[in-house]
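*Asks:* here are the coordinates; sequence isn't available:
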DNA sequence: CTAACATTGAACGCTTCCGTTCACTATTTC
DNA sequence: GAAATAGTGAACGGAAGCGTTCAATGTTAG
């Protein structure tokens, strides 16, 4: 009764290859409720973290019976796992979708970083980030997955970008890792400290875009050929 | 019985000026236990945050009766207030003590930033920082005090440093705020992302110092006259 | 229709922690 | 000495949340 199916999330992925497309008997789980539960879980998690997450609060906020939560996610751990998986997937997809060709390297980099920061500076995204940093000791496995889909993937993307920019002679051939971390740092400084601590409202889109453009300028000033 | 003394922390500060040095009757509170309670509170808080902080856990870890905690700090809120006050005081003092004269501006800045980051990169300090970022919604007053003693004070210190450096023609007279935030960003990038998420152990002292020196180099490359 | 599963609402026993009270001992001032 | 306060250990009633169970109803495949 502890782990009859381990996790309902990967149910379709775990389906036996020889009996595909055979629907399970009985009433199927309600996908909409599953989504509602995940959304509520995220909301509660942002405010309460790994250990504070109350399943009863999740059920209430999702407008669903507590038993349904256990039915769809087995467990508190299953709920957290599903949440982190969904968040990681979303983040990985978003980080990739942000980059597409433009004119000059400067224009490309500026536009990409602006779209990137429009995502990363969202209060909820930053909040999730902070929770993950705190969960390192107790939930390393989940943090690891999130890190791979988030920060690590971003680093890889920028790494590739730098390499091709060096090849195109758009920037000097300084150490790629140094350039990558410098760019990330300059982008990070885009967000004022008061905002990070929730003492000021987030920047308007225009202000954020301007700050990012300025950061890219500083970056190019450092590494222009 | 709710707030007979409001908060024992500021007891000496609140003493009437006309009846100073008159000791209170009866057995005085045990200062050592007070310190033990605060230390335990910090430890529990780093792991549990504002809402997860268990007073029973604090009492147990401090090796003290639960009643003593209530006796010395009135309240859960009083405990958190005292914790944040102590942390703010400590941080403010440390941030100031880090800077003292050296040879060149580069040497001065490098040494100061190295001592600064030796403090700021400590896992417990970073952890406290993350908890503060999360507590914005529910405990804005405490976060505000911490912010004033920490990030805001650091910003002021660097601001003054930049102004005098400009006056000495050690750096160009670019906008001071821009230079300050850029330096902070470059220092921030000193800490690898894996470390921030607790997936790698903190940098050794030598490695951290080297990274900081490199960050200062990049800063001076941007703003050398 | 029937078998199988989902969902609900309500209850269950259990644990943890809250903030408070009690009786008792220890320490300090007057 | 007496008065006043601090500290201990144990217990209190209550709140909240856990994970589970039950009976009843909804929905789906065969």
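*Replies:* Arrived safely. Remember, it's a predicted structure, so these values are computed and weren't measured experimentally. Residues are numbered from 1 along each chain as shown, chains lettered A, B, ... in the order given.
*Asks:* centroid residue for chain A?
*Replies:* residue A:91 (3.1 Å; Cα atoms, centre = their mean).
*Asks:* Give me the below-cutoff pLDDT ranges for chain A.
*Replies:* A:1-22 (pLDDT under 70).
*Asks:* What ranges does it have for its helices?
*Replies:* A:31-52, A:55-62, A:66-73, A:76-97, A:105-120, A:123-134, A:140-149, A:151-167, A:176-188, A:193-196, A:205-223 (DSSP state H).
*Asks:* near chain B at all, the fourth one?
*Replies:* Pointing back at helix A:76-97 there. No: counting by Cβ under 8 Å from any Cβ of the partner chain, chain B is not contacted by helix A:76-97; separation bottoms out at 12.7 Å. Using the backbone N, CA and C atoms, a C-beta is placed for each residue, glycine as well.
*Asks:* which residues sit in contact with whichever residue of chain A sits closest to DNA strand D?
*Replies:* As assessed by Cβ to the nearest atom of the strand, DNA strand D sits closest to residue A:27 within chain A, at 2.8 Å. With Cβ atoms under 8 Å, 6 or more residues apart in numbering or on different chains as the criterion, no residue contacts residue A:27.
*Asks:* Tell me the residues of chain A that contact DNA strand C?
*Replies:* A:24-30, A:33-34, A:63-68, A:71-72 (Cβ under 7 Å from any atom of the strand).
*Asks:* doesn't residue A:149 make contact with the residue nearest to the centre of chain A?
*Replies:* Yes: in this structure residue A:91 lies within contact range of residue A:149 using Cβ atoms under 8 Å: 5.4 Å.
*Asks:* Buried residues, stretch A:205-225. List them.
*Replies:* Using 16 or more other Cβ atoms under 10 Å in any protein chain shown as the burial criterion, the residues of stretch A:205-225 that qualify are A:208-209, A:211-216, A:218-220, A:222-223.
*Asks:* ok, now stretch A:137-145?
*Replies:* So for stretch A:137-145, counting by 16+ other Cβ under 10 Å, buried means A:139, A:142-145.
*Asks:* What of stretch A:181-199?
*Replies:* A:181-193, A:195-199.
*Asks:* Let's have the buried residues of stretch A:205-225 in CSV, adding distance to chain B.
*Replies:* Shown next, in CSV, are these (distance: Cβ to the nearest Cβ, whole Å):
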residue, distance to chain B
A:208, 14
A:209, 17
A:211, 9
A:212, 13
A:213, 13
A:214, 8
A:215, 8
A:216, 13
A:218, 6
A:219, 10
A:220, 11
A:222, 6
A:223, 10
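*Asks:* Skipping adjacent residues, who's closest to residue A:186 in space?
*Replies:* residue A:215 (4.1 Å; Cβ to Cβ, 6 or more residues apart in numbering or on different chains).
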